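K.L.:
Predicted model and sequence below, questions to follow.
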Amino acid sequence: MLLLISPINHEEALESIKGGADIVDVKNPKEGSLGANFPWVIRDIREITPEDKLVSATLGDVPYKPGTVSLAAMGAHVSGADYIKVGLYGTKDYDEAVEVMENVAKTIKDVDNDTIVVAAGYADAHRVGAVDPMEIPKVAKDAGCDLAMLDTAVKDGHTLFDYLSIEDLEKFVNEAHSYGLKTALAGSVKKEQLKPLNDIGCDVVGIRGAACVGGDRNTGKIHHSAVAELKELCDSF
Ligand SMILES: O=C[C@H](O)COP(=O)(O)O
C-alpha cells in the first residue's frame, strides 16, 4: 500500500519527502477537505520532489460545474501535477458526478494519458448532500478515471471508519478492482487503521493529520519522523 501525504507548503513537502511519502499531495485545508492550493505552490513542490515520486494536486471540494472543474484540472496539469484529485462535493448523485469526472478525464487524457485522474467521494457524503460513496467506483469507471477514492468531507475528528464498515470498504475496493481501477482511502486515518486498509487490498492510503505534530491537521505541521513511522508500517505488511 502506497503512502500519500498531504502537505500545504514547501516546508511540509520537504518533510513529507524526507519521511518517505510515495505520493506528495498538495492541498489547502483552508478551502476544505480537498481544498485546492495555488499553481505556484504545486509547481514549486513538483520541482523539489524527486522525479520517481508522484505529485498530486487536489482541485477542491468541487461544485457541480463541469467546465469550471475541467479548467481547474488543466491548471493542475500545467502546474506539474501527475495525479489529480477531484472532491465530488457539489454533485448530489451518480449522473452529476459522472458528468464532472468525464469532462475532467477528457481534459487531462487529451493532453497527457499518463496523468492519473482520481474521482474522490466522501464517506460522510450524507452530511453534505454529496453522491453516495459506494457509487464512486462506478462513477470513476464510467467517467474514464484511473482511481476511486474516499475521504471525509467534515474534518471534526470522525474517521473514515465511523461512516463505513470494513466490509463496505472492502466492497468498495473489490468493485473498483473489478473495473481495473486502483483505490485510495483517507479520512483522519490513524496508524492503527493502516493494517485493516492494507488487508482489504487498498492501493493508496491518504494522510495528513496523523503525519502532523500532535496529530492535528490544522494546528500541527507535517514532521518527517511521523511520516517515516507511517511509511515503515505501510512497508511492513
Ligand atoms: O488525502 C488525504 C487527506 O489529506 C487526509 O487528511 P486527514 O488524514 O487529515 O484526514
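P.N.:
Done, it's in.
K.L.:
Tell me the residues of this structure that contact the ligand?
P.N.:
Within the chain, the positions near the ligand by CB under 6 Å from any ligand atom are 4, 6, 25, 27, 151, 155, 186-189, 206-210, 217. In this view, the C-beta of every residue, glycine as well, is placed from N, C-alpha and C.
K.L.:
at 5 Å instead, please
P.N.:
Where the chain comes near the ligand, counting by CB under 5 Å from any ligand atom, the residues are 6, 186, 188, 206-209, 217.
K.L.:
need those in CSV with pLDDT, can you?
P.N.:
Shown next, in CSV, are the residues of the chain next to the ligand (pLDDT from 0 to 100):
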residue, pLDDT
Ser6, 98
Ala186, 98
Ser188, 97
Gly206, 98
Ile207, 98
Arg208, 97
Gly209, 96
Arg217, 87
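K.L.:
Would you convert those residues into a markdown table that also reports secondary structure and neighbour count?
P.N.:
Below are the residues of the chain next to the ligand laid out as a markdown table (DSSP: H, G, I helix; E, B strand; the rest coil; neighbours: other CB atoms under 10 Å):
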| residue | secondary structure | neighbour count |
| --- | --- | --- |
| Ser6 | coil | 31 |
| Ala186 | strand | 27 |
| Ser188 | coil | 21 |
| Gly206 | strand | 28 |
| Ile207 | strand | 28 |
| Arg208 | coil | 27 |
| Gly209 | helix | 23 |
| Arg217 | coil | 21 |
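K.L.:
of all these, which comes closest to Glu232?
P.N.:
Nearest to Glu232 out of the residues of the chain next to the ligand is Ile207 (CB to CB; 13.5 Å).
K.L.:
what pairs with the strand ranked longest in the chain, and is each one parallel or antiparallel?
P.N.:
Criterion DSSP state E: the longest strand present in the chain is strand 54-62. Looking at strand 54-62 with DSSP bridges, its partner strands are strand 23-26 (parallel), strand 83-88 (parallel).
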